[in-house]
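# Could you work out the structure for the sequence below:
(one chain, ligands or ions: 1)
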Amino acid sequence: MLKVDNVTKKYGEIVAVNGLSFTVNDGEIFGLLGLNGAGKTTTFRMILGLIDDYTGDITIDGEHINYKISDKIGFLTEERSLLLKMTVLEQIIYYGVLKSIPVSDIEKRLDYWLDRFGISEYKNRKIKELSKGNQQKVQFISAIINEPKLLILDEPFSGLDPINVELFKSVIMDLKKKGTSIIFSSHRMEHVELFCENLVVLVKGKSVLQGKLSKIKKDYKKKNLLVRGDINKDEIMKCDGVEKIDKVNDEYIISISDESYVNSLFKKISKYDNILKFSVEDPSLNEIFISIVGDSYE
Ligand code: ATP
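Below is the predicted model of the structure:
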């Protein structure tokens, strides 16, 4: 289990991370979200032990970060950092040895992962000869070759085609099932919604939204009404609580500022002819994120 407890990191006058606390349990995928410059990379670097001049505590299974523990962390960075002139085998041995793994174990694990990712034939090819997607697979393997207890994934799907996104997702779910603690960072909220039970949203280093995703959505007072049928859009737009109306295919999405307006809108809409659908939905994480982060920046 990773525990980040009241951590603050300053770069001179800039407070990059401000009183941040969260835990990631074994077998949990935790979302660490924020716009550019919010403090995510700084947080990763502190967890990895690359920055140590911060206040607060970071522990894994109760132990402060040290070399022995950082060997059990895997990190897939957003910027790809492969050594292009090496072969896949040389590259993975290089990373594995840095993590203190015997070469025979590295080779055994590599064969498994190359097979799992469908790239066994590239084992002795130079990285620069691989496609971008296959380089991404090698980068992912380098992050998990140490069988990490804690895995940090920063935009893991960038540059992948839809088939490979599915492949990566299944590998991530398998690692979770095996008990790996995973920090997942992405600007793609639909991926975060898919994976993360708990999350934190950072704005200028500070948590502005934190907790269980299902509760965050339930507690969020804005809702969407999905309506199919012939409504008078201008009339509905004038009703109390209505913020905007979009039409996607044959469905209206009516955004309302508070759940308390549902009843009056239901009464109004049910008077129209041909209403085939009326349902109340929680907003997407993307809508919540934009609203919260936008408000915090104003
Ligand atoms: P991105 O999504 O763009 O990678 P981030 O959320 O990872 O952003 P950080 O890189 O952690 O954000 O940066 C947090 C803040 O700390 C920013 O204001 C950044 O300019 C500042 N910062 C980061 N590294 C340094 C540094 N080495 N020296 C001074 N300021 C820094």
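
# just the helices in this protein please.
Assigned by DSSP state H, the helices in the chain fall at 40-47, 67-70, 88-98, 103-116, 132-144, 162-177, 189-195, 213-219, 233-237, 262-270, 285-297.

# now the first one: how far from the chain's centre is it?
Right, the one you point to is helix 40-47. 14 Å (C-alpha atoms, centre = their mean, to the nearest Å).

# can I get the helices of the chain in TSV with mean pLDDT, distance to Asn249 and mean neighbour count?
C-beta coordinates here come from the backbone N, C-alpha and C atoms, glycine included. Compiled in TSV, those are given as follows (pLDDT from 0 to 100; distance: least, C-beta to C-beta, whole Å; neighbours: other C-beta atoms under 10 Å):
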stretch	mean pLDDT	distance to Asn249	mean neighbour count
helix 40-47	96	35	22
helix 67-70	85	50	14
helix 88-98	95	45	18
helix 103-116	97	38	15
helix 132-144	95	32	20
helix 162-177	96	21	15
helix 189-195	91	18	17
helix 213-219	91	23	13
helix 233-237	94	15	12
helix 262-270	94	18	14
helix 285-297	82	18	15
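
# how far away is Gly27 from the ligand?
Taking C-beta to the nearest ligand atom, to the nearest Å as the measure, Gly27 and the ligand are separated by 25 Å.

# do Phe278 as well
40 Å.

# beta partners of the spatially closest residue to that residue that is not a sequence neighbour?
The shortest distance from Phe278 to any non-neighbouring residue, by C-beta to C-beta, 6 or more residues apart in numbering, is to Val227 (5.5 Å). Beta bridges link Val227 to Tyr252, Phe278, judged by DSSP bridges.

# picking up where we left off before, tell me which of the helices of the chain sits nearest to the ligand.
helix 40-47 (3.1 Å; C-beta to the nearest ligand atom).

# And for the closest one, what's in contact with it?
2, 4, 7, 9, 16-17, 20, 32-34, 51-52, 54, 58, 65, 73, 75, 78, 150, 152, 154, 183, 185, 202, 205 (C-beta atoms under 8 Å, 6 or more residues apart in numbering).

# One more: stretch 198-206?
Contacts of stretch 198-206 (C-beta under 8 Å, 6+ apart): 9, 15-20, 22, 28, 30-35, 37-40, 42-43, 192, 207-213, 216, 289, 292-293, 296-297.

# One more: stretch 131-139?
Contacts for stretch 131-139 (C-beta under 8 Å, 6+ apart): 76-77, 80-82, 88, 91-92, 117, 119, 122, 127, 130, 158-161, 164.

# out of these, which are inside strands?
For those, the ones inside strands are Leu76, with DSSP state E as the criterion.

# Quickly list the domain ranges of the chain.
Following automatic domain parsing, the chain resolves into domains at 2-217, 221-281.

# can you give me how far the longest one is from the chain middle?
Centroid separation between domain 2-217 and its chain, computed with C-alpha atoms, centre = their mean, is 10 Å.

# Contact partners for Ile254?
With C-beta under 8 Å, 6+ apart, Ile254 has these contacts: Asn224, Leu225, Leu226, Val227, Ile236, Val242, Lys244, Ile245, Leu265.

# Could you dump those into JSON lines and include distance to the ligand?
Shown next, in JSON lines, are those (distance: C-beta to the nearest ligand atom, whole Å):
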{"residue": "Asn224", "distance to the ligand": "28"}
{"residue": "Leu225", "distance to the ligand": "34"}
{"residue": "Leu226", "distance to the ligand": "33"}
{"residue": "Val227", "distance to the ligand": "37"}
{"residue": "Ile236", "distance to the ligand": "39"}
{"residue": "Val242", "distance to the ligand": "34"}
{"residue": "Lys244", "distance to the ligand": "29"}
{"residue": "Ile245", "distance to the ligand": "33"}
{"residue": "Leu265", "distance to the ligand": "39"}
